[in-house]
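Chemist: Dropping a prediction and its sequence here:
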Amino acid sequence: MEELVLETINRIYHNKDYDFFKRQCEAELIITDDLVRLIEYEEFKVMVQDVGVGPSIRFAIDYPEFEKDEMKVSYSTMIDVSKIIPIFYVQHEFEVENIDENRMGPVLDGFGGQSYTMSQADIYDKIVTFLEKQGYSEVSYAEMDIAIPDIKMPEDVWLFGPQFTVRTCLFHDILDICELYD
């Protein structure tokens, strides 16, 4: 999988095969409806964040809020599926109301590749099994943030930092290829 990632990044960004990138961005992700049905079958809320023409689709899953006494915790899972090559990334998140009198902010939150609840773990296993059967490979948090040398980040783009990563190359259209190369 690592070889495919590097070959694809080289093809698009070094060899400037922007037509390939654009064709992939325009393609419909045929697994979307089946993945949504899988998640909804487990009775979780799912929202598909599809920008239409773009390199990836995000599936956001919200779980029932946990409350005990004064403690309230919200859990969610984000699944990013690339349309450029068959890879995906899963990120679990939590948010806790901060009731500390000396708090600096209203919530404590975090994210990572590891599940925080059994519900997240169960749906994660089902999603990974489904996507792998469709030919997709999971990319870890560490793999998503591998820096790609020799590609210059546009000066007006500061949101993702100074370097291209696997995430910016295969899940975002940082160079506006879909708009500029019509």
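Modeler: On my side now, so go ahead. Numbers count the residues shown, from 1 in each chain.
Chemist: From here on, just use CA atoms for contacts and neighbour counts.
Modeler: Fine.
Chemist: centroid residue for the chain?
Modeler: What sits nearest the mean C-alpha location of the chain, by CA atoms, centre = their mean, is residue 80, with 2.7 Å.
Chemist: Okay, buried residues for the host helix or strand of that one please.
Modeler: Here residue 80 sits within strand 71-82, counting by DSSP states H and E. For strand 71-82, the neighbour count (16 or more other CA atoms under 10 Å) marks 73-82 as buried.
Chemist: what is the spatially closest residue to the residue nearest to the centre of the chain that is not a sequence neighbour paired to in the beta sheet?
Modeler: In this structure, residue 80 finds its nearest non-sequential neighbour in residue 58, 4.5 Å apart by CA to CA, 6 or more residues apart in numbering. Residue 58 has these beta-bridge partners by DSSP bridges: residue 49, residue 80.
Chemist: Can you report how many residues neighbour residue 58?
Modeler: Residues contacting residue 58 under the criterion other CA atoms under 10 Å number 20.
Chemist: Flag every buried residue along the longest helix seen in the chain.
Modeler: Using DSSP state H, we find that the single longest helix of the chain is helix 118-133. Applying a neighbour-count criterion of 16+ other CA under 10 Å, one finds 120, 123-124, 127-128, 130-131 buried in helix 118-133.
Chemist: out of these, what pair is the most spread apart?
Modeler: 120 and 131 (16.1 Å; CA to CA).
Chemist: Which of the three states applies to the residue sitting furthest away from the middle of the chain?
Modeler: In the chain, residue 101 marks the outermost C-alpha relative to the chain mean, sitting 34.8 Å out by CA atoms, centre = their mean. Assigned state for residue 101: coil (three-state reduction, DSSP: H, G, I helix; E, B strand; the rest coil).
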